[in-house]
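J.: Give the three-dimensional model of this entry:
(chains A and B)
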2 protein chains.
Amino acid sequence: MSENSQTTPVLTKKGQETRKKILDAAEHVFGELGYYDASIVLITQHAQVSQGTFYNYFESKKAIYDELIRQLSRELRSTIKEAIMGATTQEENLRLGFLAFFRWIKHHRNMYSIIQQAALVDQELYRWYYAKLAAGYVRSLKNAMNEGAFREMDHETLAYSLMSIGQFIGMRWVYWENEDVPEEVLETAMSMIMKGIAAKP
Amino acid sequence: MSENSQTTPVLTKKGQETRKKILDAAEHVFGELGYYDASIVLITQHAQVSQGTFYNYFESKKAIYDELIRQLSRELRSTIKEAIMGATTQEENLRLGFLAFFRWIKHHRNMYSIIQQAALVDQELYRWYYAKLAAGYVRSLKNAMNEGAFREMDHETLAYSLMSIGQFIGMRWVYWENEDVPEEVLETAMSMIMKGIAAKP
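T.: This next block holds a predicted model:
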């Protein structure tokens, strides 16, 4: 599935705001009720727009679910990308990326259930979400290996490992406890990872 | 939630077989359709038992879902426990544990969607599943640290990290591709982890 399989049409500023309002409502409704119990009626009620308005932006429940996941994925990836831009070492790059992920899911706690539902609703979309996130890690890892900062190891396996650690630590603290990830928790994970992959530990 | 919050009553051998047949059918139906679309009717049809029979063993759809997750969790944990019994080093212990997990999910591929549904159906059960699996890792890690094989690090954070790596690698290869995890993939993860946590890398 390519990033622009559903190109966002050109909208006025007001149109963009309405579209965003509907997507925010969808994030709430899908996150709290799940895909099967969610409905366009509930989404429009939560967004305080008419059903007619909804259909100006999205064709169906499935269409808005797809676009919600793509939108969340894009936002998350650009947030991480921005956060790691200031990193001066590969270690800092990794730490800033995790911190950006934890901060982002704090404001999008329903993300966990929205993504997990895709395992049933749309396997291709489910894989796309993780593959896209992994691709960002692969790029960073390749850079770090080219620089000689990290050992030469299989990029994809490391990418899935780093992504999984972020996901589970975020689940344990942010999603379950609604707390920030304790510094010592992040540092424990960072220590294992850096000793594990740094070229000169 | 304690392990024996729902004690299995004493059943004859035939009764146990029927109960197992219903649970196997539930694994299929919940895994393929998801909790909300699954029904007792579909489970009994798949198990080829009457609805009356179903109610001899389980009180409701929610009750059998709960018991299915508890049962899968117990089976998985005892499979891993058995597999690592023969390990002679801490590294082997870790590798045999991952291999047992990958083998087990190969025969229970619906496990992924069944567990992820719990994020919406029953958060407590969802946490219980991961907390139980993590507890096994914590026990192994404590032993390895006491022996001086692994560095002293926060047990729980490492447990969640190891569990997450197994889960994501299994998802990537077994769940998505229906393939065995390639040896080099497991060895890449093992190399990162062992260098990361061994006392003398």
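
J.: Check whether A:Met153 really touches A:Ile197, as I assumed.
T.: Yes: between A:Met153 and A:Ile197 there is a contact under CB atoms under 8 Å: 6.6 Å. No exception for glycine: its C-beta is placed from N, CA and C like everyone else's.

J.: Could you check which of these two is surrounded by more residues?
T.: Under the criterion of other CB atoms under 10 Å in any protein chain shown, the comparison of A:Met153 against A:Ile197 puts A:Ile197 first, with 25 against 18.

J.: so what's the closest residue to that one other than its chain neighbours up against?
T.: Distances taken as CB to CB, 6 or more residues apart in numbering or on different chains place A:Phe150 nearest to A:Ile197, at 4.9 Å, with adjacent residues excluded. The contact partners of A:Phe150, taken as CB atoms under 8 Å, 6 or more residues apart in numbering or on different chains, are A:90, A:141, A:144, A:197-199.

J.: The residue in chain A that chain B sits nearest to: what's it in contact with?
T.: Residue nearest to chain B within chain A: A:Gly196 (3.1 Å; CB to the nearest CB). Going by CB under 8 Å, 6+ apart, A:Gly196 touches B:191-197.

J.: Nearest to B:Gln117 among the residues you listed?
T.: Relative to B:Gln117, the closest of the contacts of A:Gly196 is B:Ile193; by CB to CB it sits at 29.2 Å.

J.: just checking, that closest one touches B:Leu162?
T.: Yes: with contact defined as CB under 8 Å, B:Ile193 and B:Leu162 form a contacting pair (6.7 Å).

J.: where do the contact lists of the two overlap?
T.: B:Leu94.

J.: Who has more neighbours out of those two?
T.: B:Leu162 (27 against 24).

J.: Can you classify that one by secondary structure?
T.: At B:Leu162, secondary structure determined by DSSP: H, G, I helix; E, B strand; the rest coil is helix.

J.: contacting residues for it?
T.: Counting by CB under 8 Å, 6+ apart, B:Leu162 makes contact with B:94, B:137, B:141, B:193.

J.: same question, A:Tyr137
T.: If you count contacts by CB under 8 Å, 6+ apart, A:Tyr137 has them with A:158-159, A:162-163.

J.: would you turn these into CSV with pLDDT and distance to B:Glu177?
T.: What follows is the contacts of A:Tyr137, written out as CSV (pLDDT from 0 to 100; distance: CB to CB, whole Å):
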residue, pLDDT, distance to B:Glu177
A:Leu158, 98, 18
A:Ala159, 98, 16
A:Leu162, 98, 20
A:Met163, 97, 17
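
J.: follow-up on the earlier one: how confident was the prediction at the residue of chain A closest to chain B?
T.: On the pLDDT scale, A:Gly196 is placed at 97.

J.: What distance do you get for it to A:Val181?
T.: Counting by CB to CB, to the nearest Å, the gap from A:Gly196 to A:Val181 is 19 Å.

J.: Can you list the low-confidence ranges for chain A?
T.: A:1-9, A:201 (pLDDT under 70).

J.: domain ranges for it?
T.: As recorded under automatic domain parsing, the domains making up chain A are A:9-58, A:70-197.

J.: Need the winner for burial among those domains.
T.: Among those, ranked by average contacts under mean count of other CB atoms under 10 Å in any protein chain shown, first place goes to domain A:70-197 (a mean of 18).

J.: Pipe the domains of chain A into a markdown table and attach distance to B:Ile84 per row.
T.: Output for these, formatted as a markdown table (distance: least, CB to CB, whole Å):
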| stretch | distance to B:Ile84 |
| --- | --- |
| domain A:9-58 | 36 |
| domain A:70-197 | 20 |
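
J.: now the angle from the helix or strand containing A:Gly166 to helix B:155-170?
T.: According to DSSP states H and E, A:Gly166 maps onto helix A:155-170. Relative orientation of helix A:155-170 versus helix B:155-170 (axes from the mean of the first three to the mean of the last three CA atoms, to 10 degrees): 130 degrees.

J.: Just list the residues touching A:His60, thanks.
T.: Heads up, residue A:60 is Ser, not His. Here A:Ser60 is in contact with A:Ile40 (CB under 8 Å, 6+ apart).

J.: If we use 10 Å, what do you get?
T.: Shown in contact with A:Ser60 (CB atoms under 10 Å, 6 or more residues apart in numbering or on different chains): A:40, A:54, A:66.

J.: Does A:Glu59 fall in a helix, a strand, or a coil region?
T.: Assigned by three-state DSSP, the conformation of A:Glu59 is coil.

J.: Likewise for A:Tyr126?
T.: At A:Tyr126, secondary structure determined by three-state DSSP is helix.

J.: Wait, it touches A:Leu133, no?
T.: No: applying CB atoms under 10 Å as the test, A:Tyr126 and A:Leu133 come out as separate, 11.8 Å apart.

J.: which residues are in contact with both of these two?
T.: Common contact partners of A:Tyr126 and A:Leu133 (CB under 10 Å, 6+ apart): A:Ile115.

J.: just the strands in chain A please.
T.: Per DSSP state E, chain A carries no strands over any range.

J.: show me where chain A has helices.
T.: A:13-33, A:40-47, A:51-57, A:61-84, A:90-106, A:111-121, A:123-146, A:155-170, A:183-197 (DSSP state H).

J.: Could I get the contacting residues of the closest residue to A:Lys106 other than its chain neighbours?
T.: Residue nearest to A:Lys106 in three dimensions, not counting chain neighbours: A:Val174, with 5.4 Å by CB to CB, 6+ apart. With contacts defined as CB under 10 Å, 6+ apart, A:Val174 is in contact with A:101-109, A:111-112, A:180-181.
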